[in-house]
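In: 3D, please:
(chains A and B)
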Number of protein chains: 2
Amino acid sequence: MNREQLFEQIKLKRSFLCVGLDTDIQKIPKHLRERHDDPMFEFNRQIVDKTADLCVAYKINVAFFECEGAKGWISLEKTVKYIREKYPEQFIIADAKRGDIGNTSNLYARAFFDHMDFDAVTVAPYMGEDSIKPFMTYLDRWVIVLALTSNKGAADFQYLKNAETGEQLFETVLKTSQTWGTTDNMMYVVGATKAEKLEEIRQLVPDHFLLVPGVGAQGGSLQEVAKYGMNDMCGLLVNSSRQIIYASDGEDFAEKARNEAINVQLEMEELLLEADLL
Amino acid sequence: MNREQLFEQIKLKRSFLCVGLDTDIQKIPKHLRERHDDPMFEFNRQIVDKTADLCVAYKINVAFFECEGAKGWISLEKTVKYIREKYPEQFIIADAKRGDIGNTSNLYARAFFDHMDFDAVTVAPYMGEDSIKPFMTYLDRWVIVLALTSNKGAADFQYLKNAETGEQLFETVLKTSQTWGTTDNMMYVVGATKAEKLEEIRQLVPDHFLLVPGVGAQGGSLQEVAKYGMNDMCGLLVNSSRQIIYASDGEDFAEKARNEAINVQLEMEELLLEADLL
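Out: Residues are numbered from 1 along each chain as shown, chains lettered A, B, ... in the order given. Presented below is the predicted three-dimensional model:
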């Protein structure tokens, strides 16, 4: 999927919501674990069926599947295939935080883009250019580079100030890495806990899409994110995971997830209208 | 495995070799692909059987298995189980370069330490403390933090100089992260392409074990690594992958791998003797 197509979807759905599939085998409704051979897939399937008209993207947290071993990997593959076939307009993100020397990143790209059919993979920037570029050799696939994350540990290294440029590390990551790709194959992860930082970030990367976690359960404000982060193609995918997918742990979990997603979508529609994008 | 036990193995084997299982389905001998249901596992099995008396650790590059999907994951699980059962004295490293917010890193730790039986996982430090600590909650398991990598892209961010301390980023990573764990549950990845850097690094982390890739095919010198990096418990695991495992692509591949490993082991024995550690 390219950037134009993603923006088209945002306008069509009146939403820039990314639903995060943090599918925790211990948290999903009990009745799924009791009645289904593959409860993780079944959970995802029902959530997706009830939210696909309200969001433009799904972000699948790979760790939740990986910790179940080969079985989890099969649930992951099935989930991607299901979304791809039934909702081909969805942008599917592997939240995997990979990144290694060039030939190894190549293999990770193959895993997520060839073997599975993801649109994008999140990647940590510590190892630099050759760890990120392999993800950009696939047409209409994306690398989403960690710039500023929303966790406490972000403060350990991401804000360190550079002696020569005065930039903080996340700023250097944004400035340097954008020269490796284009606005059509790179996005950035920018945590929403400090929405005012988005204003500075928009000056560095005015046209890139930003994947923003940490809205909702983690405390960020959607209005602030939109105020500081939106550009003329929206430029935002705002992720919500737990608030939506764990809205209920009963038989009605998917319906309740839908209700939560509707609330977010309506707020996003408002923000898109205010920004004259609809 | 704890640090004392690892040092015992080094003295017993007269070796600090870590054999890297970068098991590329396209590079392993053709006859394995033709005759075995699980050629990746079979390749690993034969390599391990021919090298286990010459090395103290195996580093499995997870990407090579991940890019084969669930099938690859099964080969990976079988490999770890095989080594663990037949050679319980081996230190088994998942070279996975993971790292995410706390609750997600927790899941990665569960994947590699609970679901599989690895001794250690490599982790990228960009997301800070809460991305690394979950790997240290398991007794006698290790996190191996990327400090200075051996790839070209290492220059992009790892050498950036901090405005306040004058330290380079990799130095700050070493100084800060060592306060999160101990010399008994943390190691560092330090690329061998710049062996003289090891001298500076040893001043920052005198007692930690260092995992050193990039010796051999990638050009580093074992003698220099030992000269600058060895401490009184050896403190080094030096990895060699391609040079050993792809020494031949014929029926004799495991035997040829053994010959290569013998050469490295003999050189290491020499270096351990010179350092009065044997």
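
In: Double-check that residue A:211 belongs to a strand.
Out: Yes: looking at residue A:211 with DSSP: H, G, I helix; E, B strand; the rest coil, it is inside a strand.

In: Just give me the neighbour total for it.
Out: 26 (other CB atoms under 10 Å in any protein chain shown). From N, CA and C alone the C-beta is placed, and that goes for glycine too.

In: what's the pLDDT at it?
Out: We note a pLDDT of 97 for residue A:211 in this prediction.

In: which residues of chain A fall in helices?
Out: Ranges of helices in chain A, per DSSP state H, are A:3-13, A:30-35, A:39-51, A:62-66, A:69-86, A:102-109, A:129-132, A:154-157, A:169-177, A:197-204, A:222-229, A:242-245, A:253-274.

In: quick one, which of those is packed in tightest?
Out: Most buried of these by mean neighbour count (mean count of other CB atoms under 10 Å in any protein chain shown) is helix A:62-66; its value is a mean of 26.

In: if you skip the residues just before and after it, what's nearest to the residue of the stretch 151-278 of chain A found nearest chain B?
Out: Closest approach between the stretch 151-278 of chain A and chain B, counting by CB to the nearest CB: residue A:153, at 2.4 Å. With sequence-adjacent residues excluded and distances taken as CB to CB, 6 or more residues apart in numbering or on different chains, residue A:153 is closest to residue B:128, at 2.4 Å.

In: correct me, but that neighbour touches residue A:156?
Out: Yes: here residue B:128 reaches residue A:156: they are 3.2 Å apart, a contact under CB atoms under 8 Å.

In: tell me the contacts of the residue minimising distance to the centre of chain A?
Out: The residue lying closest to the centre of chain A (CA atoms, centre = their mean) is residue A:59, at 4.5 Å. By CB atoms under 8 Å, 6 or more residues apart in numbering or on different chains, the residues touching residue A:59 are A:18-21, A:93, A:95, A:211, A:213, A:239, A:241.

In: Show me the shaky parts of chain A.
Out: For chain A, residues meeting the criterion pLDDT under 70 lie at A:216-220.

In: go again using 80 as the cut-off
Out: For chain A, the stretches with pLDDT under 80 are A:192-196, A:214-220.

In: residues in contact with stretch A:25-40?
Out: A:23, A:42-43, A:64-65, A:68, A:72, A:74-75, A:78-79, A:246, A:248-251, A:253.

In: and chain B, which of the residues you listed reach it?
Out: A:64, A:68, A:74 (CB under 8 Å from any CB of the partner chain).

In: Correct me if wrong: the first one contacts residue A:79.
Out: This points to residue A:64. No: counting by CB under 8 Å, residue A:64 does not reach residue A:79; the two are 10.6 Å apart.

In: how about the helices of chain A in JSON lines, adding distance to residue B:4?
Out: Output for these, formatted as JSON lines (distance: least, CB to CB, whole Å):
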{"stretch": "helix A:3-13", "distance to residue B:4": "54"}
{"stretch": "helix A:30-35", "distance to residue B:4": "42"}
{"stretch": "helix A:39-51", "distance to residue B:4": "40"}
{"stretch": "helix A:62-66", "distance to residue B:4": "31"}
{"stretch": "helix A:69-86", "distance to residue B:4": "31"}
{"stretch": "helix A:102-109", "distance to residue B:4": "32"}
{"stretch": "helix A:129-132", "distance to residue B:4": "35"}
{"stretch": "helix A:154-157", "distance to residue B:4": "30"}
{"stretch": "helix A:169-177", "distance to residue B:4": "37"}
{"stretch": "helix A:197-204", "distance to residue B:4": "46"}
{"stretch": "helix A:222-229", "distance to residue B:4": "51"}
{"stretch": "helix A:242-245", "distance to residue B:4": "42"}
{"stretch": "helix A:253-274", "distance to residue B:4": "50"}
